[in-house]
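Engineer: below are the sequence and a predicted model; questions follow.
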Amino acid sequence: MAQKWDVIIVGGGLAGYVAANYLRQTNLSILLLEKGKHVGGRARTNKMNQQYFNLGPHALYKRGKARSILEELGIHLNGKSPKLGGILMENNFEYAAPFSPLGVLTTGLLRTKERMEWIAVLLKVMRIDPQTLANQTFQQWVKQIAHSEVIESLLYTLGRLATYCHAPDKMSAKVMVTNLKNAMGGVLYLDGGWQTIIDQLHNLAILSGIQVRSHAPVKQIYPYEQKQFKLVLSNEEEMIGKYVISATGPQELNEMIGENFNIGQNGVFSRITPIKGATLDVALSRLPNPKRLFAMGITDPFYYSVHSHYAHLSDDTNHTILHVFKYLHPDEHIDKTNIKSELEQFLDKVQPGWKQYVVTSRLLPTITVNQRLPQIGDELKLQRSRTVIPGLYIAGDWASPDLILADGAASSGKHAAHEIILNETRKESANFK
Ligand SMILES: Cc1cc2nc3c(=O)[nH]c(=O)nc-3n(C[C@H](O)[C@H](O)[C@H](O)COP(=O)(O)OP(=O)(O)OC[C@H]3O[C@@H](n4cnc5c(N)ncnc54)[C@H](O)[C@@H]3O)c2cc1C
């Protein structure tokens, strides 16, 4: 006999766990299924020797939805905010990054007129209502507000930093500016890495009776009698759920529902393009130039930041944990060997001689940072975590119309849980009448 549950959540990443934790406040029976050996998805942190490596550089936006949702759920977020200083690099020249008041005033990158223009543009970003940009790409908007080339490039650089998206020609201006505004409020690097978020969410879920199963890949979801769902795992085990939250990626959702439902929507989610990047995560016994904590390329889409300067990320306090990252364009052909040397060459420029101090390092040559590169009109497909299949909800960093990354994952997880709670409350009051 297949076991029955009120809610089955498929996917044990941030979105799935946030949904589970809102639902723990109800008396619904809840099962969370994760295909991997470990839970946490892309918010996992791997301990390598004594170092805590997030999957690439992870920064929690202080003004973002993820932070407020996690705090609402009682999650402690310990860490520090990096300073907004650092350098920008262009053709072997280095400039102070004009991302802080001091940087704006002192950078050699801008002439007086451009400095004034940059200040005006930053003020515009702070004041603008992103909803007014619904029909423009980020590139179209940048061309409208920037008069000089250097200001255009700076906006693209800041945009990459805020969203990891290196496709201004495709990215929705509304979503980009929403996330830029959040990023301008600063970020937190977390002590112990993002695993600390997952561990707390997991423990709270378990304590309230939620069942979590790892090594449990869902193969198919079918309609089942009386508006329920039958889930089949890869080992052919079956389970029945009244509600399902798919907290996987869009492709995985498509594979699970296949042609099993008589709907015209099949395939809609498969046309979603992800935001990808390449990351080199490095632990050094010594930082050759201890003052160099942050750098980005202006034309070359690279990032470097020393996360352990602000967060506890190694059991050996002398070790330095840094990330070098390349933002990938969706149409870019990825040559894994080439990417490694590109990342290393960028690090050579920022920290010459770093190789002699390597304790451990890890290359992830092509990783999905966000499951959806937000494009104009996406919101029409993504209405409040619902799908056209009643009782099937979506959550994940791709499933929120205006937000991406952890903010999109957490807010869609919350929405999906709320939709179910709302539905149950409606049913109860209808029964009562
Ligand atoms: C290099 C990098 C840097 C990043 N930096 C930042 C940052 O600075 N700030 C920020 O806010 N965000 C950042 N992110 C993004 C953030 O990590 C993700 O947006 C977030 O963790 C996504 O959570 P999720 O739950 O939506 O998806 P995931 O974490 O991918 O979780 C989905 C889970 O579903 C499971 N699953 C899939 N299919 C099935 C199935 N059939 N059955 C069962 N389980 C299944 C997967 O194994 C996975 O565990 C970064 C990501 C990367 C990769």
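Structural biologist: Yep, it's here. Numbering: from 1, shown residues only.

Engineer: and this structure, which of its residues are near the ligand?
Structural biologist: 10-16, 33-36, 41-43, 55-59, 217-218, 247-248, 252, 256, 277, 279, 367, 369-370, 396-397, 405-407, 409 (C-beta under 6 Å from any ligand atom). For glycine as for every other residue, the C-beta is placed from the backbone atoms N, C-alpha and C.

Engineer: from the residues you listed, which would you call buried?
Structural biologist: 10-16, 33-35, 41-43, 55-59, 217-218, 247-248, 252, 256, 277, 279, 369-370, 396-397, 405-407, 409 (16 or more other C-beta atoms under 10 Å).

Engineer: where does the prediction get shaky in the chain?
Structural biologist: Where the chain drops to pLDDT under 70, the residues are 263-268, 270, 383-386, 432-433.

Engineer: now for the strand ranked longest in it, which elements pack on it?
Structural biologist: Secondary structure of the chain per DSSP state E: the longest strand is strand 358-370. On a contact count with 3 or more C-beta pairs under 8 Å, 6 or more residues apart in numbering; DSSP states H and E, strand 358-370 meets strand 45-48, strand 51-54, strand 275-284, helix 336-350, helix 405-432.

Engineer: just put the ones you listed in JSON lines and tack on distance to Gly86.
Structural biologist: JSON lines is the format used below for these (distance: least, C-beta to C-beta, whole Å):
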{"stretch": "strand 45-48", "distance to Gly86": "24"}
{"stretch": "strand 51-54", "distance to Gly86": "19"}
{"stretch": "strand 275-284", "distance to Gly86": "17"}
{"stretch": "helix 336-350", "distance to Gly86": "10"}
{"stretch": "helix 405-432", "distance to Gly86": "21"}
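
Engineer: returning to that earlier point: can you tell me what sits against whatever helix or strand comes next after the longest strand of the chain?
Structural biologist: Sequence-wise, the next helix or strand downstream of strand 358-370 (DSSP states H and E) is strand 392-394. Contact partners of strand 392-394, identified using C-beta atoms under 8 Å, 6 or more residues apart in numbering, comprise 221, 229, 243-247, 253, 257, 382, 385-387, 412, 415-416, 419-420.

Engineer: how about 6 Å then?
Structural biologist: Val244, Ile245, Ser246, Ser385, Thr387, Ala416, Glu419 (C-beta atoms under 6 Å, 6 or more residues apart in numbering).

Engineer: nearest to Glu342 among these?
Structural biologist: Distances from Glu342 to the contacts of strand 392-394, taken as C-beta to C-beta, are shortest for Ser246 (35.5 Å).

Engineer: could you measure that closest one against Lys326, distance?
Structural biologist: Between Ser246 and Lys326 the computed distance is 30 Å (C-beta to C-beta, to the nearest Å).

Engineer: more neighbours: those two, which one.
Structural biologist: Ser246 (29 against 23; other C-beta atoms under 10 Å).

Engineer: hmm, Asn254 and the more buried one touching each other?
Structural biologist: No - counting by C-beta atoms under 6 Å, Ser246 stays clear of Asn254, with 9.9 Å between them.

Engineer: hmm, back to that, off-centre distance for the longest strand of the chain?
Structural biologist: Centroid separation for strand 358-370 versus its chain: 15 Å, with C-alpha atoms, centre = their mean, to the nearest Å.

Engineer: about what we covered before: among the helices and strands packed on strand 358-370, which is nearest Pro98?
Structural biologist: Here helix 336-350 is closest among these (C-beta to C-beta), at 18.1 Å.

Engineer: re earlier: can you pull the buried residues of the longest strand of the chain?
Structural biologist: Val359, Thr360, Ser361, Pro365, Val369, Asn370.

Engineer: again with stretch 173-185
Structural biologist: Ala173, Lys174, Val175, Met176, Val177, Thr178, Asn179, Leu180, Lys181, Asn182, Ala183, Met184.

Engineer: now find how far off-centre that stretch is within its chain.
Structural biologist: 14 Å.

Engineer: which stretches of the stretch 51-200 of the chain form helices?
Structural biologist: 65-72, 101-106, 112-127, 138-145, 149-163, 173-183, 195-207 (DSSP state H, counting those that start in this stretch).

Engineer: most tightly surrounded among those?
Structural biologist: Most buried of the helices of the stretch 51-200 of the chain, by mean neighbour count (mean count of other C-beta atoms under 10 Å): helix 173-183, with a mean of 24.

Engineer: what packs against that one?
Structural biologist: Secondary-structure packing of helix 173-183 (3 or more C-beta pairs under 6 Å, 6 or more residues apart in numbering; DSSP states H and E): helix 138-145, helix 149-163.

Engineer: of all those, which one comes closest to Thr107?
Structural biologist: Of the helices and strands packed on helix 173-183, nearest to Thr107 by C-beta to C-beta is helix 149-163, at 9.8 Å.
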